[in-house]
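Trainee: got a structure for you, letters missing:
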């Protein structure tokens, strides 16, 4: 039976995938393309984050070591001593102010310069003012001596560490050169010549050796090739260097060394006691002075009270010194706290570097508060107006205009702030009729307020655009429903549109906050860059003080730090903190939107 | 439906809305051409016609909802409600909208509680007394046949209700400001048959006290619900009359073609 197989004349079109390249169809090629783009973006972001954490990671360890040495070397003890000195300096300044005001007051009352000079230079006045000022010298000298000792201990320790590193390098080199198969390369030649030259100045080598080396040096200078015999000489030179370096290391016994700082406790107590007596003598002279002005007399009284406090604190101060223990353990937690809650950011100091985040964090937040204070009403208000109230013509005018602001480079805004806005604010604050305001005239033209206002300008487009989107996403039928029961435009906007869009508006504000806290150029140029926690006791005046910010400090100092140093890593830690702040802000913005999204389904 | 099979004059004898030669334009596109008709008080009037014929636009002219759309204008004609020209420049649109309530195609309760949805119309009028609001809320929910279903969860979000309940809530919300006329723009188009039946039942009851103008795509619904029907085509009023006339014995061949389902 001839089973004739039934064959289709032609296979159906769908029997094979349509391939374009590498046996793939267009869909999978497109998928691969976009997929790989997304993957690259994620990998790069991941690497950046990893780098940030890697560089920041070593900070705590290094800073911890640094703080340990701070204690071991006695610098901490010196800082306790300095508290007393600073108190005295503050008191002296207070007295100087009184004196200056006294002279001004005399001037105001119409005295001539000569009369004033006579009045303020009576023996009583001299005994009071000059007598007081003279009392600090002995204390200052004592503290200075102790400080020098502590610094020296610390410096020697640092030097030892560095020399130790050098020794390790020499050891490695010597080991390598000792290998019989070692061949001298160009680098070795250069080093050899250098060592040879240096060894000629070494007074310990004999005349014969010196002559020999001198000869070889001359030869090598003439591009003579190296010979096998040079290897031995090279090794010898390296060992000589090793020994010389080793001799430079003067091991520090912290326990012993620090005694030199803490010694003379009795002398110090005696200095303080004498100082107290001597100050009291000077103060007694104040009785004989007539300040002819109730306020000044009041201040002198206050000054005396402050001095009483100063004397009273002597015992506690001495007790604190006596209690101080160089071998007390420095807790790791304390290192962390001294970064996160440290009130000082002092770098490149000859004593102890402090990396305290607080001044920067407070500065950043202060500026953000100012910026948001202005940006929220303007941004959200403009968004509501443009979306709900404005005519089409106004909308087409305002919207692109506000969005255009975000196209201005931040450096231009910062530049404007430095040249125009800061100066304008200062001139404005100097107007006479505004002098009743408690913080006017302002001292610095570059301050948190200047930076905050300009950042508000930058945050407005962000807040405006996102809030406008949020309002625009409110389905149109809510508005119609409200109108249909007889609501006015204002009622509709305030009672229906804004409450419904609130989650979107809050998220817009948060992202605006993120924009503000991450902005660098404007704050670097306009915030005044003073690394101190602003004085909150000044009330509203706090907004007019110069501050520094987290972003600003990174931009300013990253260029000049030693790669891998504590300072370098501290800046990365600040970066990590910023990273987390931004992360939290963005995350909570998303959370708010998700949590309160009720409509739009 | 009128039990008598005698043809009525095409316009009602007791009109509450009188439209004369009304034209309407979106920008440069004309949506309505010379519409003239009267709508009787406490009657249900249905507006039918294929998509884009202008029936919804026409409906939204009665409470001036079209004012919300940019670039609209009325080149000619008048609409009088209770003998007042509602497009006169001195008209208080807010008061007009309280007088002429509206229910939309898609149920659109506010993202607030059931109670607050009804109370909204009162609150915007500045009414604050709680017992007065309570009373109106109950009245309106009973009026919309919703009270028994929701009385125990008045403070729950209105968005948690079913589609049909939401639509009846929107009707209740419209009732709260005590309108004379209620406009309904395809109120059942998004509802299932059971919910539709409930809303239709409600419209029957509301007819006792309110004048209702309803836009619908559903011819059976128009025939069931309304006293009179107006057929629109391409912005023009083709035929208007009592249901018997429009559905059984249309004068215009286009009307006949549409109601018998040959186009639309």
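Mentor: Right, received. Where do you want to start? These figures come from a predicted structure and were not determined experimentally.
Trainee: so which residues of the stretch 1-150 of chain B form strands?
Mentor: All strands of the stretch 1-150 of chain B, identified by DSSP state E, counting those that start in this stretch, fall at B:15-26, B:29-40, B:44-48, B:72-73, B:78-81, B:84-85, B:100-103.
Trainee: my error: substitute chain A in the last question.
Mentor: Ranges of strands within chain A are A:345-346, A:354-355, based on DSSP state E.
Trainee: single out the most deeply packed of these.
Mentor: For the strands of chain A, the largest average neighbour count (mean count of other CB atoms under 10 Å in any protein chain shown) is found in strand A:354-355, namely a mean of 22. No exception for glycine: its C-beta is placed from N, CA and C like everyone else's.
Trainee: model confidence over it, on average?
Mentor: The average pLDDT for strand A:354-355 rounds to 90.
Trainee: from the chain's centre, how far out does that strand sit?
Mentor: 9 Å (CA atoms, centre = their mean, to the nearest Å).
Trainee: what sits against residue A:119?
Mentor: Residues in contact with residue A:119 (CB atoms under 8 Å, 6 or more residues apart in numbering or on different chains) are A:106, A:111, A:125.
Trainee: can you turn the buried subset of the residues you listed into a selection I can paste into PyMOL?
Mentor: In PyMOL syntax, the buried subset of these is picked out as below (16 or more other CB atoms under 10 Å in any protein chain shown):
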select buried, chain A and resi 106+125
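Trainee: out of the contacts of residue A:119, who's nearest chain B?
Mentor: The shortest approach to chain B among the contacts of residue A:119 belongs to residue A:106, at 67.4 Å (CB to the nearest CB).
Trainee: next one, pLDDT for the residue lying closest to that closest one once chain neighbours are set aside please.
Mentor: By the measure of CB to CB, 6 or more residues apart in numbering or on different chains, the closest residue to residue A:106 outside its immediate chain neighbours is residue A:116, 4.8 Å from it. Note for residue A:116: predicted pLDDT of 80.
Trainee: wait, what's in contact with residue A:116?
Mentor: Contacts for residue A:116 were tallied using CB under 8 Å, 6+ apart; they are A:103, A:106, A:107.
Trainee: what stretches of the stretch 401-550 of chain A score poorly on pLDDT?
Mentor: Residue ranges of the stretch 401-550 of chain A with pLDDT under 70: A:438-439.
Trainee: can you check the stretch 151-264 of chain B too?
Mentor: Residues of the stretch 151-264 of chain B that meet the cut-off, pLDDT under 70, sit at B:264.
Trainee: count the residues that sit near the one residue in it that gets nearest to chain A.
Mentor: Of all residues in the stretch 151-264 of chain B, the one sitting closest to chain A is residue B:177 (5.2 Å; CB to the nearest CB). Burial measure for residue B:177: 21 neighbouring residues, criterion other CB atoms under 10 Å in any protein chain shown.
Trainee: who in the stretch 451-600 of chain A is up against chain B?
Mentor: A:475, A:477-488, A:491, A:495-496, A:499-500, A:598-599 (CB under 8 Å from any CB of the partner chain).
Trainee: nearest residue to residue B:138 other than its sequence neighbours?
Mentor: residue B:147 (6.4 Å).
Trainee: which one of the contacts of residue A:119 is nearest residue B:13?
Mentor: Nearest to residue B:13 among these, counting by CB to CB, is residue A:106 at 103.9 Å.
Trainee: contact partners for that closest one?
Mentor: By CB under 8 Å, 6+ apart, the residues touching residue A:106 are A:115, A:116, A:119, A:120.
Trainee: quick check: the residue of the stretch 151-264 of chain B closest to chain A vs residue B:187, distance?
Mentor: Going from residue B:177 to residue B:187 by CB to CB, to the nearest Å gives 18 Å.
Trainee: isn't residue A:234 right up against residue A:189?
Mentor: No. The pair residue A:234 / residue A:189 is not scored as a contact, 9.3 Å apart, by CB atoms under 8 Å.
Trainee: give me the distance between residue A:228 and residue A:184.
Mentor: Residue A:228 is 9 Å from residue A:184, by CB to CB.
Trainee: who has more neighbours, those two?
Mentor: Shown here are residue A:228 and residue A:184; by other CB under 10 Å, residue A:184 has more neighbours (17 against 7).
Trainee: any idea of the pLDDT on that one?
Mentor: For residue A:184, pLDDT reads 75.
Trainee: any chance of the strands of chain A in JSON lines, plus distance to residue B:237?
Mentor: Listed next are those as JSON lines, based on distance: least, CB to CB, whole Å:
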{"stretch": "strand A:345-346", "distance to residue B:237": "80"}
{"stretch": "strand A:354-355", "distance to residue B:237": "82"}
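Trainee: mind checking which of the ones you listed is nearest residue B:112?
Mentor: Across these, closest to residue B:112 is strand A:345-346 (CB to CB), at 50.3 Å.
Trainee: neighbouring strands - and their directions - for that closest one?
Mentor: In the sheet, strand A:345-346 lines up against strand A:354-355 (antiparallel) (DSSP bridges).
Trainee: just to revisit the earlier point, looking at the contacts of residue A:119, which are in helices?
Mentor: Judged by DSSP state H, the subset of the contacts of residue A:119 located in helices is A:106, A:125.
Trainee: nearest to residue B:153, of the contacts of residue A:119?
Mentor: Ranked by distance to residue B:153 (CB to CB), those are led by residue A:106 at 82.0 Å.
Trainee: for residue A:542, see how far away that closest one is.
Mentor: Taken as CB to CB, the span from residue A:106 to residue A:542 is 34 Å.
Trainee: same check, this time on residue A:353
Mentor: Counting by CB to CB, the separation of residue A:353 from residue A:542 is 27 Å.
Trainee: stretch B:22-41 vs chain A: in contact?
Mentor: No. With CB under 8 Å from any CB as the criterion, chain A is not reached by stretch B:22-41; the gap is at least 11.5 Å.
Trainee: contacts for that stretch, please.
Mentor: Stretch B:22-41 is touched from outside by B:11-21, B:45, B:54, B:57-58, B:61, B:66, B:69, B:71-79, B:211, B:213, B:227-228, B:230, B:235-237, B:240, with contacts defined as CB under 8 Å, 6+ apart.
Trainee: of those residues, which ones also sit close to chain A?
Mentor: Near chain A, by the rule CB under 8 Å from any CB, you find residue B:71 out of the contacts of stretch B:22-41.
Trainee: now the contacts of stretch B:22-41: which count as buried?
Mentor: Of the contacts of stretch B:22-41, these count as buried by 16+ other CB under 10 Å: B:12, B:15-19, B:45, B:54, B:57-58, B:61, B:66, B:72, B:77, B:79, B:211, B:213, B:227-228, B:230, B:235, B:237, B:240.
Trainee: can you redo the strands of the stretch 1-150 of chain B as JSON lines with mean pLDDT?
Mentor: Conversion of these to JSON lines gives the following (pLDDT from 0 to 100):
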{"stretch": "strand B:15-26", "mean pLDDT": "90"}
{"stretch": "strand B:29-40", "mean pLDDT": "90"}
{"stretch": "strand B:44-48", "mean pLDDT": "92"}
{"stretch": "strand B:72-73", "mean pLDDT": "88"}
{"stretch": "strand B:78-81", "mean pLDDT": "90"}
{"stretch": "strand B:84-85", "mean pLDDT": "90"}
{"stretch": "strand B:100-103", "mean pLDDT": "91"}
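Trainee: how about the residue nearest to residue A:193 when sequence neighbours are not counted, what does it touch?
Mentor: Excluding the flanking residues, the one nearest residue A:193 by CB to CB, 6+ apart is residue A:220, at 5.4 Å. Listed by CB under 8 Å, 6+ apart, the contact set of residue A:220 reads A:189, A:192, A:193, A:196, A:226.
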